[in-house]
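Colleague: the following block contains a protein sequence and its predicted model.
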Amino acid sequence: MKKTVVLILKIVGGIVAACVALLLALIGILHTSWIQDKAVQQVNVLLQEELKTKVEIGGASISLFGQDLRIYDVAIEDLQQRKMLQMKELGVELDLWKLLNHEVYITEAHIKGLDTKIYKPASPTDSTANFQFIIDAINKNKKSKKPKVEEQTDSVKKHKLTLDVEKLDLEQINVTLNDSTQAELGGFHYRKSWRGHYTATIKELKAAFIQHTKKGPVDSRLRVKLMEAVDKNGEREVTIDSLFFFTNNHLPRKNANKPKRGFFDAGHFDIAAHMRIHIDSIGKDTVMATLAECNALDRGSGLNITSLTARIAANKEKANLSNVTIKMPNTTLSFDKAVIQLPSKKAGRKLSYQTSLIKGSTLLKDISRPFAPVLKKFSIPLYLQTVMSGNNDGMQFRQVKVYTANRSVDIQASGRITGLKDKYKLNVHFDVHRMTTTGKEAERIINQFAVKKFMMKQLNALGRISYNGHFEVLWKREQFAGRLYTIPGSLDFRFHLDENNKYVLGSVKTDSFELGKAMDMPDLGKIACSANFQFDISKPRTAAMRKRLGGKLPIGQIEAQVDEGRYKKMRVRNLTANITSNGAIAEGKVVVKGKRVDLLCSFSFTNTNEMKKTKIKPGVRFHGLSDEDKEAKAAKKAAKKEEKAARKAAKQEEKAARKAAKQEEKAAKKAAKEVEKAQRRAEKDSLKAVKSAAKAARKAQKDSIKAARKAAAAT
């Protein structure tokens, strides 16, 4: 018995040893280059037959002991015989034992030297994407291998493959889309530790693409030197270092030959940025994150965001921002929350947003280079607040407050901006509910600008200034209107800047204004007047005039109608005044017209700071009634005649109306009587009919009784 058992064990051991030896021999044969080359050739043939295009795999290396697969020099053409994909090397190391448990566990994978060209239907030669034939082939194979519904069991459903990657490296990746968009990746490295922590690093990501705008194509380039994502104990953080974004529309910058315009130009971005983001959670359509660090500098325009922080909760429809802070070198703005509706053509949603109260402080020189070079020396700290909302086409501002630390300037306003998409329809409108300052503070603000200053002494004489009104900024036009309250009196004004022709035009009116106090001319008292003015603001024209004549005065003219005024102890009414300045000298004429005598006055000055020295020359002009006076008298007489005729016509119309009203009243009364008479007649006829019916009923009753008695007697 023992010998039999030993013999059986020897036979079984020999068979196992032979199987192991055979398996090792087969594995050894599989590891030979000859077998692997033959396998590669067969795979090439099968893929070409399946995909109907040229497929080349230069070589492959399979190691069952090392549990890895490497493929070299892969090339695939699309159906138009264009190079669609080229790859130098693909390597994958698998844990084969876990594969038995339906787990695809990749211990290490790398792709090196991948170059792919994708063509979408934007090309006239392509009806579909050039890679669609591969997707169709895969789907075809899936359908052919898919078991029938009744043959699927619970065990099939339970054995789904899971995928896990421990290490992944991508190097020298290039992707081209329609020959117009290119992306290049220097390296991508993913590592997962045994604790489940992971890190992912992107190095030297570059992209170049073309944005098609109404004004033409804009070449855009994006570059990220380093991007790192870390997940540790569920805490995820993304850091983007040295991000650069460039645009070039191949047109001159918007401020070319326009020194007053800022450097900001979306067609010429040169942005360098850095940011760090904490990601709290990511769902299918939601994300919650904190922008912990962000700074961005547009080196072309000078716009410099030194810090941007915010809390973000977003889905595909809207984004909620909270605890937002924006900082520039001398500016800090913050608000508690904002809601942004994200645009979607498919869902029919448009961009809209609403913020809570925005508060902060600023030096306007922070935005001078990108938006308003005239503010480059504006160094007065301003404090501000507002509530902002808007959409694709406009913005609204409520609860606007702007003030200085000592409240020497205090502004309260509200406003809106419309027509953002079309500069010709752009309209910036603000209603100033209240503005207070002083002449000295106004001069201090004016001194922040590099402009020529006129009449500063007169400005200081106004003392405390209050204003309410509105202003608008339109295409090549700015217009202002409102009421100005000062110590000498109040003024209603309206003026606009004509940027096309370079003029300031407007009007001013007052019921009572101490002109002498404002102009430092004691002989002048209060006046009630209205005036129109026009001043030249064209630098070439004014420069030419000053070169020829010299002088420091503004160039323009004023026409005034004085309803009432005082000069020394004399009170005058209904006078006209004209002042014309050529920049060197201002000349004025005042005329008080009478029926037979005109009172004349002429004056001139060369310096607004020395108005006391103004020389005034009075004069008298005798005359009969001028043609103008005669025409005015005749017009006055005709107006009275027309007024009398109008009153007479009005009386006649009133009389006719009263007569018509009486006739209508009489006719109404007559109609009412006729109706009442008809009603009474109808009532009588109705009563008569009722009585006749009652009489007939009584007669019929009597006849029936009589007939009944007769019938009873007969029986």
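Modeller: Noted; the coordinates are in hand. Numbering: from 1, shown residues only.
Colleague: what does stretch 411-428 rub up against?
Modeller: 390, 392-403, 429-435, 472-475 (C-beta atoms under 8 Å, 6 or more residues apart in numbering). Every residue, glycine included, has its C-beta placed from N, CA and C.
Colleague: mind doing that once more with 6 Å?
Modeller: 393-398, 400-402, 429-435, 473-475 (C-beta atoms under 6 Å, 6 or more residues apart in numbering).
Colleague: in it, what's buried?
Modeller: 411, 412, 413, 414, 415, 416, 417, 418, 428 (16 or more other C-beta atoms under 10 Å).
Colleague: just these now: which is nearest residue 235?
Modeller: Lowest distance from residue 235 to the buried residues of stretch 411-428 (C-beta to C-beta) belongs to residue 417, with 41.4 Å.
Colleague: skipping adjacent residues, who's closest to that closest one in space?
Modeller: Leaving out its chain neighbours, the residue that sits closest to residue 417 by C-beta to C-beta, 6 or more residues apart in numbering is residue 395, at 4.6 Å.
Colleague: roughly how far apart are that neighbour and residue 478?
Modeller: With distances taken as C-beta to C-beta, to the nearest Å, residue 395 is found 18 Å from residue 478.
Colleague: for residue 202, name its beta-bridge partners.
Modeller: With DSSP bridges applied, residue 202 shows beta-bridge pairing to residue 188, residue 227.
Colleague: er, residue 169 I mean
Modeller: Note on residue 169: beta-bridge partners by DSSP bridges are residue 110, residue 189.
Colleague: looking at it, it is touching residue 189, isn't it?
Modeller: Yes. Using C-beta atoms under 6 Å, residue 169 makes contact with residue 189 at a distance of 5.5 Å.
Colleague: number of residues surrounding the nearest residue to residue 215 once chain neighbours are set aside?
Modeller: Distance criterion C-beta to C-beta, 6+ apart; nearest residue to residue 215, sequence neighbours excluded, is residue 249 at 6.7 Å. For residue 249, the count of nearby residues is 19 (other C-beta atoms under 10 Å).
Colleague: quick revisit: among the contacts of stretch 411-428, which ones are buried?
Modeller: 394, 396, 397, 400, 402, 430, 432, 435, 474.
Colleague: out of the contacts of stretch 411-428, which sit inside strands?
Modeller: 395-398, 400-402, 429-435, 473-474 (DSSP state E).
Colleague: closest one of these to residue 648?
Modeller: Nearest member of the ones in strands among the contacts of stretch 411-428 to residue 648, counting by C-beta to C-beta, is residue 431, at 47.3 Å.
Colleague: specify the beta-bridge partners of that closest one.
Modeller: Residues in a beta bridge with residue 431, per DSSP bridges, are residue 414, residue 470.
Colleague: go through the helix or strand where residue 244 lies and flag the buried ones.
Modeller: According to DSSP states H and E, residue 244 maps onto strand 235-248. Judged by neighbour count using 16+ other C-beta under 10 Å, the buried positions of strand 235-248 are 236, 237, 238, 239, 240, 243, 244, 245, 246, 247.
Colleague: within the sheet, what are the partner strands of it, with directions?
Modeller: strand 216-232 (antiparallel), strand 270-282 (antiparallel).
Colleague: of all the ones you listed, which one is nearest residue 260?
Modeller: strand 270-282 (22.0 Å).
Colleague: the next helix or strand after that closest one vs strand 235-248, what angle?
Modeller: Next along the chain after strand 270-282, taking DSSP H and E as the criterion, comes strand 287-298. Per axes from the mean of the first three to the mean of the last three C-alpha atoms, to 10 degrees, the angle that strand 287-298 makes with strand 235-248 is 40 degrees.
Colleague: other residues contacting strand 287-298?
Modeller: The contact list for strand 287-298, computed with C-beta under 6 Å, 6+ apart, reads 271-281, 304-314.
Colleague: which secondary structure state does residue 267 sit in?
Modeller: Three-state call for residue 267 (DSSP: H, G, I helix; E, B strand; the rest coil): helix.
Colleague: tell me the spacing between the residue nearest to it when sequence neighbours are not counted and residue 212.
Modeller: In this structure, residue 267 finds its nearest non-sequential neighbour in residue 249, 3.4 Å apart by C-beta to C-beta, 6+ apart. For residue 249, the distance to residue 212 equals 11 Å [C-beta to C-beta].
Colleague: and what of residue 267?
Modeller: In terms of C-beta to C-beta, residue 267 sits 13 Å off from residue 212.
Colleague: comparing the two, which residue is more hemmed in?
Modeller: Counting neighbours by other C-beta under 10 Å for residue 267 and for residue 212 shows that residue 267 has the greater number, 19 against 9.
Colleague: parallel or antiparallel, which strands does the helix or strand residue 337 falls within pair with?
Modeller: Under the criterion of DSSP H and E, residue 337 resides in strand 331-341. Here strand 331-341 is paired, per DSSP bridges, with strand 318-328 (antiparallel), strand 352-362 (antiparallel).
Colleague: filter the contacts of strand 287-298 to the buried ones?
Modeller: Neighbour-count burial (16+ other C-beta under 10 Å) applied to the contacts of strand 287-298 gives 271, 273, 275-277, 279, 304-306, 308-312, 314.
Colleague: follow-up on the earlier one: between which two of the ones in strands among the contacts of stretch 411-428 is the distance greatest?
Modeller: Within the ones in strands among the contacts of stretch 411-428, 401 and 474 form the most distant pair, 25.2 Å apart (C-beta to C-beta).
Colleague: pretty sure residue 540 sits in a helix.
Modeller: Yes. Membership of residue 540 in a helix is supported by three-state DSSP.
Colleague: now stretch 546-563: how far from the chain's centre is it?
Modeller: Put simply, stretch 546-563 sits 43 Å off its chain's centre (C-alpha atoms, centre = their mean, to the nearest Å).
Colleague: CA atoms only: put it into PDB for me.
Modeller: Output of stretch 546-563 as PDB, limited to C-alpha atoms (Å, rounded to 0.1, in the frame of the first residue of the first chain):
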ATOM      1  CA  ARG A 546      -2.100 131.600 -27.100                       C
ATOM      2  CA  LYS A 547       1.000 131.400 -29.200                       C
ATOM      3  CA  ARG A 548      -0.300 134.400 -31.200                       C
ATOM      4  CA  LEU A 549      -1.700 136.500 -28.400                       C
ATOM      5  CA  GLY A 550      -0.400 135.100 -25.100                       C
ATOM      6  CA  GLY A 551      -2.600 135.400 -22.100                       C
ATOM      7  CA  LYS A 552      -4.000 133.100 -19.400                       C
ATOM      8  CA  LEU A 553      -7.700 133.400 -19.700                       C
ATOM      9  CA  PRO A 554     -10.100 130.800 -21.000                       C
ATOM     10  CA  ILE A 555     -11.300 131.300 -24.600                       C
ATOM     11  CA  GLY A 556     -15.000 131.600 -25.100                       C
ATOM     12  CA  GLN A 557     -18.000 133.800 -24.700                       C
ATOM     13  CA  ILE A 558     -21.000 134.500 -22.300                       C
ATOM     14  CA  GLU A 559     -24.400 136.000 -23.100                       C
ATOM     15  CA  ALA A 560     -26.500 137.000 -20.100                       C
ATOM     16  CA  GLN A 561     -29.900 138.500 -19.500                       C
ATOM     17  CA  VAL A 562     -30.100 140.300 -16.100                       C
ATOM     18  CA  ASP A 563     -33.600 140.600 -14.800                       C
END
